[in-house]
Each structure stands twice: as structure tokens, then as C-alpha cells.
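Trainee: Structure, please.
(one chain, ligands or ions: 1)
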Amino acid sequence: MKKIAIVTGASSGLGAEFSRLLSEDSGLDEVWAFARRRDNLDRLAAAAKGARIRPLAADLASPEGVESLRSLLELERPDLRVLVLNAGRGSYGPFSDTAKDGILDMIDINVRSLTETAKDALPYLAAGSGMVLVASLAGMGPLGGRAVYAATKAYVLSLGVALAAELRQRGIRVTTLCPGPVATEFAAVASGGRVGPQDGSASPERIARRCLEDFAAGKVLSYGRLGWRLTAALMRLSGGYATARFSLKHLMR
Ligand SMILES: NC(=O)c1ccc[n+]([C@@H]2O[C@H](COP(=O)([O-])OP(=O)(O)OC[C@H]3O[C@@H](n4cnc5c(N)ncnc54)[C@H](OP(=O)(O)O)[C@@H]3O)[C@@H](O)[C@H]2O)c1
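Mentor: You can find the predicted model right below:
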């Protein structure tokens, strides 16, 4: 049976790095790389140094996109070693000024698609395998100016930790990644092209590598940086409203 990894949102940023690193894992036959931008996926596949990276263009915010992933699993029945649920996007700005379609699309990709893909892929995970869910530091507390994004990531964090507890008895590991700012296309997408990554953002290669190490070690949460772990603890301690007020003042860009 073919041993594979699946990475959603593989066409840039953290997802591209997860795909590269997993393809270098000699135990895998293929990495299935999902995203909408086919050209980026093709470039990623052409540069693969280890296991084949298989480019699979799909809009995972749509029911058809999620169905394409599910039916490929059903057709090939692989031995799924690692499922990386990474596809997602943010949105900067107050709730009142954000278009409803954009909000719903973000919920579709960050929450609905991630949940459905986890459910569809679970039958292909066996003892010794597992999932990585990409949440965010933003999931640790409500954020003014990023209200819906933070709420979607709080959902991912809650789901990931609960699945880690539920699947442990079956020997299936679940690690939830909670990074702060990473130097990817995220900020440009979230701000409609107004801003790029903030100063001091982490390298996506480093954060993806650290996360896979934490996954291999069976950690439930991965932060990537000690500072982010401390920020997460502060956010939890400070109470939701204080965090939301602070972010409204300091994170608005
Ligand atoms: N960068 C940060 O500061 C940061 C911090 C915390 C958490 N995160 C999380 O990290 C994850 C990866 O983001 P990133 O920072 O690597 O940003 P990125 O470079 O913008 O990557 C986002 C990825 O998601 C994919 N994607 C978005 N919508 C999709 C859709 N409808 N269907 C399929 N794929 C879709 C994009 O591919 P296509 O556009 O080609 O479809 C892209 O590959 C996200 O879940 C994000 O919330 C990022």
C-alpha cells in the first residue's frame, strides 16, 4: 500500500515548506499537495528532492474541492501517514467594515473544509500516523480587528486538542500548531495587498520543521518559538476582553 502525506494549502508559505520537508522523509512514497494555484504546485513538485510531490489543484472552500480529496482517497486507499490541515486565510479590519462574502469564505476554508477533510481522511490513518492542524496564536483569545479569524482559529485549536485526546488510544497523534507572525503571503492576503509580513516574522521553513519535530515527539501543541508560548499563556491569563482591546489598539494595520 502506498505511504503518503497530504498537505492542504501547499502552494505557498507554511504548506509549501511542510510539503518539501515531508517529501524528504524517506519513508513516504508521495506527498499529495492541495491548493488552488496549480502553477505554484507544479513548481513545488518539479523541485522535489525526495518522494514525489503530487500537485492537486482544488478550491477546498467549495464542496467540490473537498469532495475531490475524499474521492481520491477512496479510489487509491493509501496508507496515510501524515495529514497536514494547513489551508487557511485571515482578514484584517473591523467586523463592521468587512464584506460578508469574505467572512463566510474564510469560515469555509478555515473551519468547514478543515473539519470535513479531517473526518474524510480519518479512516486512512492508522496507529503511528497522525494529523497536524494549523491554528494560530490568534486562537488563544479574541482579537479586536481580527474577530472572525481569531474565532476560526480558536475552533481549530479546540478541535485539535480534543482530537489528540480522542485518538490517543488508537495510537494516532494530533499536533496543533499555534504560530505568531510567519513570513508568508498571509498578511498580504489578509490585508487585501496593503501590507506584507511584519518585522521579526519567523521563517516558514523553520516553523514547519519545528512543528514536524513536535509531531514526531507526540506533542499536542507546537508553538515554534518560546516567545509565542509565553504570549499564549499571557493571552489566556489576561482574559478575553483585555486581549481583544489590546489587539484592536496594537494590531490594526
Ligand atoms: N503567516 C502567519 O503569520 C500565520 C500565523 C498563524 C497561523 N497561520 C496559518 O498558517 C496557515 C498557512 O498560511 P501561510 O501563513 O502559509 O499563508 P499563505 O502563504 O497565504 O498560504 C495559505 C495557503 O492556503 C491555501 N488556500 C487558501 N484558500 C484556499 C482554498 N480555498 N482552497 C485551497 N487552498 C487554499 C493557499 O493556496 P491557494 O491560494 O493557491 O489556494 C496557500 O497555499 C493558515 O491556516 C494560516 O491561518 C499563519
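Trainee: And residue 244, what's its pLDDT?
Mentor: According to the prediction, residue 244 has pLDDT 86.
Trainee: So residue 18 belongs to a helix, correct?
Mentor: Yes - with DSSP: H, G, I helix; E, B strand; the rest coil as the criterion, residue 18 is part of a helix.
Trainee: hang on, it packs against residue 208?
Mentor: Yes - at 4.8 Å, residue 18 counts as touching residue 208 under the criterion of C-beta atoms under 8 Å. Where you see a C-beta, it was placed from the backbone N, CA and C, and this is true even at glycine.
Trainee: For the ligand, what's its nearest residue on the stretch 51-200 of the chain.
Mentor: residue 88 (2.4 Å; C-beta to the nearest ligand atom).
Trainee: Please tell me I have it right and that residue contacts residue 109.
Mentor: Yes - using C-beta under 8 Å, residue 88 is in contact with residue 109, at 5.8 Å.
Trainee: Can you name the residues of the stretch 51-200 of the chain that neighbour the ligand?
Mentor: 59-61, 65, 86-90, 109, 134, 136, 179, 181-182, 184-186, 189 (C-beta under 6 Å from any ligand atom).
Trainee: didn't residue 176 look like it was pressed against residue 222?
Mentor: Yes - using C-beta under 8 Å, residue 176 makes contact with residue 222 at a distance of 7.1 Å.
Trainee: hmm, back to that, who touches the residue of the stretch 51-200 of the chain closest to the ligand in this structure?
Mentor: Applying C-beta atoms under 8 Å, 6 or more residues apart in numbering, we find residue 88 in contact with 9, 106, 109-110, 114, 134, 152.
Trainee: CSV for these, including distance to residue 203, secondary structure and neighbour count?
Mentor: Formatted as CSV, the contacts of residue 88 follow (distance: C-beta to C-beta, whole Å; DSSP: H, G, I helix; E, B strand; the rest coil; neighbours: other C-beta atoms under 10 Å):
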residue, distance to residue 203, secondary structure, neighbour count
9, 17, coil, 27
106, 25, helix, 21
109, 24, helix, 20
110, 23, helix, 26
114, 24, helix, 27
134, 16, strand, 29
152, 24, helix, 28
